[in-house]
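> Here's a sequence, model it:
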Amino acid sequence: MREIIARFREKGATSPEKAMTAQELGLPPRFEDAMKRRLGSTGIFVETSGKYYLDETKLQQVEERRRAAGGTAQEGGQASGKNVLALRIARRVIGVAALLLALVNILYIGSAYLRAAVVVLVVVWLVLTVYQIYYLARLRRNWTAPGPANDT
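Alright, predicted model coming up:
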């Protein structure tokens, strides 16, 4: 993302009058595909008549939102990535532990205490799953919050 922003600034494509095609900017073909999806919904890059420019005002708004959500724009992105990774690892560990405990209980032990432990682990796994969905949705809302370019 930083490289693409730098490319727009280098070429001077920072206003509708100075907009350039993706080829003129030297952007990869996937840029135009990404603009049709999530990248375009951010409003940072704006398309006008097949040409693109960087909306510095929108970029600043997005960076301020990300800073408010968790440090600088770069730190917020890194922190959120680490948080998502930690949630995924915790969910996998708890899921595997619940599965192994359930199998051991079914095949060998048959204890009511182990059944209760499996139920607790499954509940914790479900809570982490719901929290991860909520967390990812909140990150996405912060990244693509409604603005002038996103009102449809």
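> next structured bit after the worst-scoring helix or strand of the chain on mean pLDDT?
Least confident helix or strand of the chain, by mean pLDDT, DSSP states H and E, is helix 38-41 with a mean of 72. Downstream of helix 38-41, the next assigned helix or strand under DSSP states H and E is strand 45-48.
> If you count contacts, what does that next one end up packed against?
Secondary-structure packing of strand 45-48 (3 or more CB pairs under 8 Å, 6 or more residues apart in numbering; DSSP states H and E): strand 51-54. Just so you know, the C-beta spots here come from the backbone N, C-alpha and C atoms, and that holds for glycine as well.
> name the element the closest residue in space to Ala117 that isn't next to it in sequence belongs to?
Leaving aside its chain neighbours, Ala117 sits nearest to Leu101 (5.8 Å; criterion: CB to CB, 6 or more residues apart in numbering). Element membership of Leu101 [criterion: DSSP H and E] is helix 73-104.
> can you pull the buried residues of the next helix or strand after that helix?
Counting by DSSP H and E, the next helix or strand C-terminal to helix 73-104 is helix 112-143. Using 16 or more other CB atoms under 10 Å as the test for burial, helix 112-143 gives Leu114, Ala117, Val118, Leu121, Val122, Val124, Trp125, Leu128, Gln132, Leu139, Asn142, Trp143.
> now the third one: how far from Ala112?
Per CB to CB, to the nearest Å, Val118 is found 11 Å from Ala112.
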